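[1] Predicted model follows, preceded by the sequence.
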Amino acid sequence: MKLVVEKISKRYRSDRWGLREMSVEFTTGVIGLLGPNGAGKSTLMRILATVTKPTSGRVLWNNVDTAQEPEALRAELGYLPQDFGVYPHLSALEFLDYMAAAKGLSRASARKRIAALLELLNLTDAARRHLGTYSGGMRQRVGIAVALLNDPRVLIMDEPSVGLDPEERVGLRNLLSDLSADRLIVLSTHVVSDIEAIARELVIIADGKLVLTCTPEELLRRAAGRVWKWTIPIADLPALRQRCLVASAVRSSEGVRIRVIAAEQPFVNAEVVEPSLEDAYLYFASAKGQVASA
Amino acid sequence: MSALRVVSGMAYADFRERTRRTSFLIALTLVAWLAYAVAAGRISLRLGEYQGVVNSAWLGSLIAIVVSSMMGWFGFFLINNAIGLDRSTGTGEVIAATAISRVQYTVAKWLANFAVLSLLMVVLMLASVFLHWRYLRHAPMDLFALLVPLAVIDLPFLAFVSACAVLFESVRILRGGIGNALWILGFVVMGAVFGKIATGSLAALDPLGLSLLTSSMGAAVKSQFPAYHGGFALTFVQHGELQRFYWAGVNWSAGILMERLVWFVVAVALALLAAGLFDRFDPATRRWRHPPDSTKQHTPSASTPGRKHEHMSAGDLPAAVRRFSARYLVLVELRVLLKGARPFWYLVALALAVVGLFTSSPAARGVVLLLAWIWPVLIWSAMGCREAREGTSEVAFSCPHPLRMLVAQWFAGVIVAVLAGCGVLLRLVSLGDAASFGTWGAAVVFIPSLALMLGVVSGTSKIFEVTYVLLCYVGPLNGVAALDFIGMGSSPSPLMWLVLSVASVAIALSWRWRQLNH
């Protein structure tokens, strides 16, 4: 099971490039796609999901060009776009039934699978309510159910945790972790903690170009010894932000406990700490000039 | 910030937003083409067997009539999404949280609408001067006679249309297809009433200003050709050589100007009425609400302990068996099409089917069939464009066979047409009327084909709603044989409608294929 991206570029009508000469290979497991806004993450996701075609280059699914034969991938694909829409007059049950028919499932199989997915995503009680009455988080869960309807081998999810509350995010992470054993999951997100525990590989892009592919461990190693914490008076925080990349600042009775990313010890009291994946990403992005300030 | 600044700031921002859209460019092109068509003699105005000598007054008035007729429907649809855009983009709720009042908001939207249409008028005025110079070299140019009809006839009407658009957007039931259909019908009736030469108090009630021009022209013909007995028609076809009469234009008196200025006052009143009806983007007034209590009741809230999805496991999911079924796909498409309709809609559709079954007169049967097939216009208008409207395109296009979905959608549309017209069909079968049955069958195929094609190509339901209602009015109802797709009183030609159906479906499929391969 292999999804290979070969030198793909995407140019929009406005002559703006969404992607340029990107090559990357995806295999089984969760692949976390990271990058700043406008980096080209959603463009890449749409190309992988066969919703749009690259201007040049190709995407191969098990050696089959997805632009020439999109059905080969589509039959195995579950896709959750960033802006997921629903038909507001339909209930979740009816909408999933519609999508099951569109995905070519047998009716009997669809019924069983829909019931199980609604249960899995905690939507059973609301299954017969019109989708127009759903909250953002509930709609997002319907989107996740749509993506999983056909038991896909390839799952492409663009910002799947948007609208989910903290508990639902944990649930989603566990679900994706379960699924990743024998599936290829490409997950685009801004929330690094969403992929920290489950991603086998990270793909970082910026300005439509591939910047880095590595394991989370490798990214963490790069940031080792470069994350510092100490406490400062509240009044000193604005000045510090001018000088350093402040990853977090938590108020306490003694002042503000700050976490700073810097190559060298920024302050005499600062002590080095283990980086989180978010710290590591921020360090990498700042080193590459992608992040001006936290 | 002063109220004036709030209103002007909002109107200006809205104006800039909408004049940067493709639809505005299309409107601009259409307006320029219409002016050219008038100046080049492709569109002409005849009063019975007579036609005016082409001079500045005649040209300016003719352009004014053509443009007001066009702005009445195209202009309305160009601008009637000022509030809708704020609603769909979520900007509305942000605006609702500011200090802006309802009156300021609707007046600003009215001004923005009016500014958009007025810009078209300014371009048209410049084009008129150019066209006069280009095509009427023999006639001296009288700028006053050329431009005043455009200003006095069209600008008040545009103010009125702009306010109506805001009003329609402020009333929930008029926001969608029902409002579009009502506007078209109202406009067509308005044109039919005031297109006749009307004078006196009736003329003052004419926002189009048609009666003002036609009564003045009529008086000129009558004085030069006493045999003239009325009649007024805009035509694309030249009917041989008509006798020419001289018309120097309307005598623009203060009374006439006041009469026209009243439409600005009416427009302001409508904008204020819209303010009273405007919901200020309150989600509680939407058909789909998110009442916090009911949501919590149905969905375990974040604070509910022991939520099931904390222990989500994919291991217990049953296998997904793939076996494509066309019947299954058509059935779900039919459900999606019909799901939004309310019980009242089904009752009326059923009543029309029953009446069709028991109507014996062919003419009456035609009217019933026409009504039965106008009633589902909002069902069909969602075809081909609901993916774009509801944001499901990406998911739908990533399914294994997206074109199959479109074909299934077409079948579902045909089923709706069959069910809506089944009363008349059963009657025709009982009468053994094979010729009418053929026409019925062609219409059943043609209507959803047209809807699918216009929906896919335009990405909006408006185009089909407008085109179809106009087609019903002009063809079957007014007996224009070439457009009578149900064959109500003219000789039907089912083959032509079947050919058009095939062409429409082919265009829809190729357009969707293009969307899939962009």
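    Sure, I can see it.
[2] count of residues packed around B:Ala442?
    Burial of B:Ala442 is recorded as 23 neighbouring residues (other Cβ atoms under 10 Å in any protein chain shown). Backbone N, C-alpha and C define where each C-beta goes, glycine included.
[3] A:Arg16 and chain B, how far apart?
    For A:Arg16, the distance to chain B equals 15 Å [Cβ to the nearest Cβ, to the nearest Å].
[4] dump the residue contacts of that residue.
    If a contact means Cβ atoms under 8 Å, 6 or more residues apart in numbering or on different chains, then A:Arg16 has no contacts.
[5] Centre of the chain to the strand or helix carrying A:Ile258, how far?
    Assigned by DSSP states H and E, A:Ile258 belongs to strand A:255-261. Here strand A:255-261 shows a centroid-to-chain-centroid distance of 27 Å under the convention Cα atoms, centre = their mean, to the nearest Å.
[6] That strand pairs with which strands, and in what direction?
    The strands beside strand A:255-261 in its sheet (DSSP bridges) come out as strand A:227-232 (antiparallel), strand A:245-252 (antiparallel).
[7] and the shortest one, average pLDDT?
    The average of the pLDDT scores along strand A:227-232 is 93.
[8] Give the buried residues for it.
    A:227-230, A:232 (16 or more other Cβ atoms under 10 Å in any protein chain shown).
[9] With stretch A:27-39 instead?
    In stretch A:27-39, counting by 16+ other Cβ under 10 Å, buried: A:29-35, A:39.
[10] Over it, what's the mean pLDDT, rounded is fine.
    The predicted model assigns stretch A:27-39 a mean pLDDT of 92.
[11] got a list of contacts for it?
    A:1-3, A:41, A:44-45, A:176-177, A:180-190, A:192, A:194-195, A:198-208, A:211, A:216, A:281, A:285, A:290-291.
[12] Are any of the residues you listed buried, and if so which?
    Among the contacts of stretch A:27-39, those scoring as buried are A:3, A:41, A:44-45, A:176-177, A:180, A:183-189, A:192, A:194-195, A:198-199, A:201-206, A:208, A:211, A:216, A:281, A:285, A:290-291 (criterion: 16+ other Cβ under 10 Å).
[13] In strands, which of these appear?
    Among these, DSSP state E puts A:3, A:184-188, A:199, A:201-206, A:211 in strands.
[14] how about those in a markdown table, adding pLDDT and distance to B:Thr467?
    Formatted as a markdown table, these follow (pLDDT from 0 to 100; distance: Cβ to Cβ, whole Å):
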| residue | pLDDT | distance to B:Thr467 |
| --- | --- | --- |
| A:Leu3 | 95 | 44 |
| A:Leu184 | 96 | 46 |
| A:Ile185 | 96 | 45 |
| A:Val186 | 96 | 42 |
| A:Leu187 | 95 | 44 |
| A:Ser188 | 93 | 41 |
| A:Ala199 | 93 | 51 |
| A:Glu201 | 95 | 52 |
| A:Leu202 | 95 | 52 |
| A:Val203 | 95 | 47 |
| A:Ile204 | 93 | 50 |
| A:Ile205 | 92 | 44 |
| A:Ala206 | 90 | 47 |
| A:Val211 | 91 | 50 |
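[15] one step back: which two of the buried residues of strand A:227-232 lie the greatest distance from each other?
    Pairwise distances across the buried residues of strand A:227-232 (Cβ to Cβ) peak at 15.9 Å, for the pair A:Val227 and A:Ile232.
[16] Farthest-apart pair in the ones in strands among the buried ones among the contacts of stretch A:27-39, please.
    For those, the maximum inter-member distance is 23.3 Å, found between A:Leu184 and A:Ala206 (Cβ to Cβ).
[17] Count the neighbours of B:Thr91 for me.
    B:Thr91 has 12 neighbouring residues, counting by other Cβ under 10 Å.
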